[in-house]
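Engineer: A predicted structure for the sequence below; I have some questions about it.
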Amino acid sequence: MCEIIYHPAYSKYNLGEGHPFDPLRIELAIDLLKELNILKVVIRPESVPAEKLYEIHDRKYVDDVERLSAGDNSVDAESYGLGTLDNPIVPGMAEAARLQAGGTLLGAKLLLQEKTNKVLQMGGGFHHAHTSMASGFCIYNDIALAIKEMTRRGWHVAYLDLDVHHGDGVQEIFYTDEKVMTISFHESGEYLFPGTGWLYELGQGMGRSLKLNMPLEPFTEGESYIEVMNRVLEPALGWFKPDVLIVQAGADAHFTDPLADLLLTTQDYRKIYKRVIELTDEKCKGRILFTLGGGYSIAAAFRIWTILYLTLFNREFSGKLPEEWRKKWSERTGKEIPETLDDILPAFDPIPRKAEIEKHNNETARRLLDAAAPDWI
Amino acid sequence: MLIREVMHPDPVTISPDTQLKEAYKVMEEKNIRHLPVVDKGKIAGIVTDRDLRLATSLLSKFPFDTNSVVAKVMSHPVQTAHPSDPIEIATRTMRELKIGCLPIVEDGNLVGIVTGMDMLDALLRLTGIHQPSGRLDVRLPDRSGELARLTALIAERKVNIHSILTYPDKNHKIRLVLRVGTIEMKILAEAICNAGFEVIWPVHIACVK
């Protein structure tokens, strides 16, 4: 049983013309699911009140973000990372962020109330939001809010971050928390924003060895990604035995992503999602909450998230995407919309350093387990 | 960065008549490896855990008794630095003489100590990632105005520069590693590339030349 959370007003989280975090990415996925006649009735969330965010963010940060969003420009925005290239000040941005946070929080509540055991929130995933700083397109940390809701009820939560960027905000917020395991697979901070997510970031105090980071080499391909993912996830989740798995399903590790350098294909994503859901059934009491996240190739992100949807419902789609529909969206986005849901293989030229990259990633996985696993007793 | 910003003030000291076993105990208890020896308020020598272990080792030709006084085994005269010395000067002294620490002396009085570890901490502060940021690696001609042109481009786009590192490269060039507060590195790098700069990372950017 899987529930879908979505609100058409998610599209109000719009950071401006030409900004990579384009609301069309989600609209496209939703519209395709409708077009293919497979979208079930979605649950519409309510936005969280600003005060609820005090659970995660500094009070002053929340109040000032709300003021900036309402047009009050007496606030020193840049000290919060706002008014920058990544996080411009947009009227209504706070409300829009609170609605998406409401969606992720609703997902947590549905699971807590045992109304379902699988949720796909077709938005959210703002993993770069810090307690008092906006960063990397993120303002309010919806994931942290959902995690807190669950740990308050005594649940142990595992958080898996598949976005190509390190999940720094979520990791930092729960760095000392013994009820939360965070696992992030990302392109190494040596090469990619936000520059963190190193092996030695293992958590502090009671949270030690519960924060896991797998920095991957640029140009890592699906095969290597899945191999190290399995090597790390199985023992980590098997030992921690969480009550739920929250997954940030950013789609920016795709080979066409304009912001990063990993080389996953849609076929790889399908395998990853399948495996993650299997692992949830084996080791996380079958409970899973997916959020979306990054994914800046408009022509790729919607296909990856459609595949996520299909995988959750154990369905396949291998035909061509409807011609009229493609035309409509090509015009709206100004981008070529591919004919098929899946990438055409081979998707890219062979990578000369492939063997070296795989070796390096395997070494990293081994070093990570060597560092953390002795504490998993 | 000056020594006074990285030194440990008020170091633990011993007197020349301290017994070796006592000195060793102080090191163990305080978890330190270097002890300045102070006589009548002035620095008279320095003794390290290595000095003590070598002096008392059975492998030594003339092993000292652990009841001997440190005055017999300490190094002197002592190399020191001043609190307003730049750290790179102190680092050079330590590297040249292959010594692990420098007592810091001002007006003849011992006011602090720095060790190799403090220099590593300083290196981490200089190269570390303190804000969410992307890395931009550029090769610049070594002449005036190039850096200004580059940083102006970045500022125009409302991107904050969190740190700048440079080091000499071949052929009158310098390498510049910037940590900048944006996730949109490739877009920024494209603009920089189009302005005629040689971008080393991110790679594979579509630069119109």
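Structural biologist: Looks like it came in fine. Numbering: from 1, shown residues only, chains lettered A, B, ... in the order given.
Engineer: which strand or helix spans residue 64?
Structural biologist: With no chain named, the answer covers chain A. Counting by DSSP states H and E, the element that carries A:Asp64 is helix A:59-69.
Engineer: give the rounded mean pLDDT of that helix.
Structural biologist: The predicted model gives helix A:59-69 an average pLDDT of 98.
Engineer: alpha carbons of that helix, as PDB, please.
Structural biologist: What follows is helix A:59-69, C-alpha atoms only, in PDB (Å, rounded to 0.1, in the frame of the first residue of the first chain):
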ATOM      1  CA  ARG A  59      13.500  30.900  15.900                       C
ATOM      2  CA  LYS A  60      15.100  34.100  14.600                       C
ATOM      3  CA  TYR A  61      15.900  32.400  11.300                       C
ATOM      4  CA  VAL A  62      12.400  31.300  10.700                       C
ATOM      5  CA  ASP A  63      11.000  34.700  11.700                       C
ATOM      6  CA  ASP A  64      13.400  36.500   9.400                       C
ATOM      7  CA  VAL A  65      12.800  34.200   6.500                       C
ATOM      8  CA  GLU A  66       9.000  34.800   6.900                       C
ATOM      9  CA  ARG A  67       9.600  38.600   7.000                       C
ATOM     10  CA  LEU A  68      11.800  38.500   3.900                       C
ATOM     11  CA  SER A  69       9.200  36.400   2.100                       C
END
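Engineer: endpoint to endpoint, stretch A:35-53 covers what distance?
Structural biologist: For stretch A:35-53, the separation between the terminal residues is 36 Å (C-alpha to C-alpha, to the nearest Å).
Engineer: contact partners of it?
Structural biologist: Residues external to stretch A:35-53 that are found in contact with it (C-beta atoms under 8 Å, 6 or more residues apart in numbering or on different chains): A:3-7, A:30, A:33, A:62-63, A:66, A:94-95, A:98-99, A:101-103, A:105-106, A:110, A:122, A:140, A:145, A:309-310, A:313, A:315, A:317, A:322, A:325. In short, each C-beta sits where N, CA and C put it, glycine included.
Engineer: helices of chain B, start to end?
Structural biologist: B:3-6, B:20-30, B:49-56, B:87-97, B:116-127, B:146-156, B:185-194 (DSSP state H).
Engineer: mean neighbour count, distance to A:Pro235 and mean pLDDT for the ones you listed - can I get that in TSV?
Structural biologist: Formatted as TSV, the entries for those read as follows, by neighbours: other C-beta atoms under 10 Å in any protein chain shown; distance: least, C-beta to C-beta, whole Å; pLDDT from 0 to 100:
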stretch	mean neighbour count	distance to A:Pro235	mean pLDDT
helix B:3-6	17	41	96
helix B:20-30	15	38	98
helix B:49-56	17	39	96
helix B:87-97	15	42	95
helix B:116-127	14	31	91
helix B:146-156	14	43	96
helix B:185-194	20	33	93
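Engineer: and chain A, which of these is closest to it?
Structural biologist: Among the helices of chain B, helix B:185-194 comes nearest to chain A, with 6.1 Å by C-beta to the nearest C-beta.
Engineer: quick one: contacts of the closest one?
Structural biologist: Contacts of helix B:185-194 from elsewhere in the structure, counted by C-beta under 8 Å, 6+ apart, are A:20, A:85, A:192-193, A:258-259, B:134-136, B:138, B:150, B:153-154, B:157, B:159, B:180, B:182, B:199, B:201-202, B:205-209.
Engineer: just the buried members of those residues?
Structural biologist: Among the contacts of helix B:185-194, those scoring as buried are A:20, A:85, A:192-193, A:258-259, B:134-136, B:138, B:150, B:153-154, B:159, B:180, B:182, B:199, B:201-202, B:205, B:207 (criterion: 16 or more other C-beta atoms under 10 Å in any protein chain shown).
Engineer: give me the nearest residue to the closest residue to chain A within chain B, chain neighbours excluded.
Structural biologist: Taking C-beta to the nearest C-beta as the measure, the point where chain B comes nearest chain A is B:Pro132, at 3.3 Å. Counting by C-beta to C-beta, 6 or more residues apart in numbering or on different chains, the nearest residue to B:Pro132 once its immediate chain neighbours are dropped is A:Pro194, at 3.3 Å.
Engineer: what about that neighbour, neighbour count?
Structural biologist: Taking other C-beta atoms under 10 Å in any protein chain shown as the criterion, the count of residues near A:Pro194 is 25.
Engineer: all the helices of the stretch 201-350 of chain A, in order from the start?
Structural biologist: With helices called from DSSP state H, counting those that start in this stretch, the stretch 201-350 of chain A shows them at A:222-240, A:266-283, A:298-312, A:323-333.
Engineer: count of neighbours near B:Gln131?
Structural biologist: 17.
Engineer: these two touch, right, it and B:Arg179?
Structural biologist: Yes. With contacts counted by C-beta atoms under 8 Å, B:Gln131 reaches B:Arg179, the gap being 7.4 Å.
Engineer: domains in chain B, by residue range?
Structural biologist: As given by automatic domain parsing, the domain ranges for chain B are B:3-124, B:128-201.
Engineer: could you tell me the end-to-end distance of the first one?
Structural biologist: Its start and end residues considered, domain B:3-124 measures 15 Å (C-alpha to C-alpha).
Engineer: next one: it to chain centre, how far?
Structural biologist: Between the centre of domain B:3-124 and the centre of its host chain there is 17 Å, according to C-alpha atoms, centre = their mean, to the nearest Å.
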